[in-house]
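Novice: Structure, please.
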Amino acid sequence: MTTTTAEPTVAQSIPWTKRLGSLRVYVGALIILVWGLGPFYWMAVTAFRDEAYTFDNTPWPTHLTWANFSNAFDTSRGNNFGKALINSLIIGSITTAIALLVGVMAAYALARIGFRGKYLVSGLILSASMFPVVVLVTPLFQLFTDLGWIGQYQAMIIPNISFVLPMTVYVLSSFFSELPWELEEAARIDGASKLQAFRLVMLPLAAPAVFTTAILAFIAAVNEYLLSRLLSNDRTEPVTVAIARFSGNDPHAIPYAAIMAAGTMVTVPLVIMVLLFQRRIISGLTAGGVKS
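Specialist: Numbers count the residues shown, from 1 in each chain. Sure thing, here's the model as predicted:
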């Protein structure tokens, strides 16, 4: 007579400590998800809720209406949200394009060329991103007043470039330093110039990092508020300033529902863009993090 032993199930074969560790990971991820998306969810719920029920604390959508979105674009109340959207697109696009143009070349030089004081330069570029913006408010306001630039696009584009450029150089230089330089040397042997080798060989390899940096730079430029509040006017103000000064029918009441609708229209495209290109963003941020 033969006896057979029962095979242990998958649940029994996994130690309880490992299962507890996995549970902690999922619980932590859930807490971070709720903490990060909770304000966005409540903003969207309020945006679709009737203005009379703005302060209703029901956690799911109720009294749904589209009126808040039309109120956000209503210029009769002194708001110009549509123009502000175009202004933010102009400021963010130009800032991103110039920051990438300069940042790619600077990052490539820092990663490829060896010179005295190279690490000092890299440290200064990184420290520039930590400089408090509020300290620059008074000198920039005085400078642009003397130049007659208050209310002009360049008064917001130039400071934004200085804010996003250090981040651009830092991300791209760490990525360029991990690229196989043998490919560039092979291109040079085949007769390509330094510029051709960079443009045709190295730059396509750095596409994920460049794409990631472009998204981060654009979001940073669009989200800037402090300097834009002081350096813009009704014609050039971005969405951050336009939403902050929204006015309603009652001059003594803040139109929270219209503000939430405007904030939803600004935030949703950025969220969708990040979700669509999250693989490129993650690969671009982590590509230079591990040495083989």
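
Novice: what sits up against the helix or strand that contains L230?
Specialist: L230 belongs to helix 226-231 when assigned by DSSP states H and E. Helix 226-231 has contacts (C-beta atoms under 8 Å, 6 or more residues apart in numbering) with 91, 133-134, 136-137, 140-141, 144, 149-151, 155-156, 159-160, 237-238, 240-241, 244. Every residue, glycine included, has its C-beta placed from N, CA and C.

Novice: Please list the members of those residues that lie in helices.
Specialist: Taking DSSP state H as the definition of helices, the contacts of helix 226-231 contribute I91, V137, L140, F141, F144, A155, M156, P159, N160, T240, V241, A244.

Novice: So what's the residue count around the fourth one?
Specialist: F141 has 15 neighbouring residues, counting by other C-beta atoms under 10 Å.

Novice: ok, now which ones touch it?
Specialist: For F141, counting by C-beta under 8 Å, 6+ apart, the contacting residues are I150, L230, L231.

Novice: Same question for the third one.
Specialist: Applying C-beta under 8 Å, 6+ apart, one finds that L140 lies in contact with A155, P159, L227, L231.

Novice: Which one of these is nearest to A44?
Specialist: Of all these, the one sitting nearest A44 is L227; the distance, using C-beta to C-beta, is 28.4 Å.

Novice: Please parse the protein into its domains.
Specialist: Per the TED database, the domain ranges recorded for the chain read 16-64, 79-287.

Novice: What average pLDDT does the longest one get?
Specialist: Within the predicted structure, the mean pLDDT of domain 79-287 is 85.

Novice: Which of the domains of the chain sits closest to S70?
Specialist: Counting by C-beta to C-beta, S70 lies closest to domain 79-287 out of the domains of the chain; the figure is 8.7 Å.

Novice: How far off centre is that closest one?
Specialist: Domain 79-287 has its C-alpha centroid displaced from the chain centroid by 8 Å (C-alpha atoms, centre = their mean, to the nearest Å).
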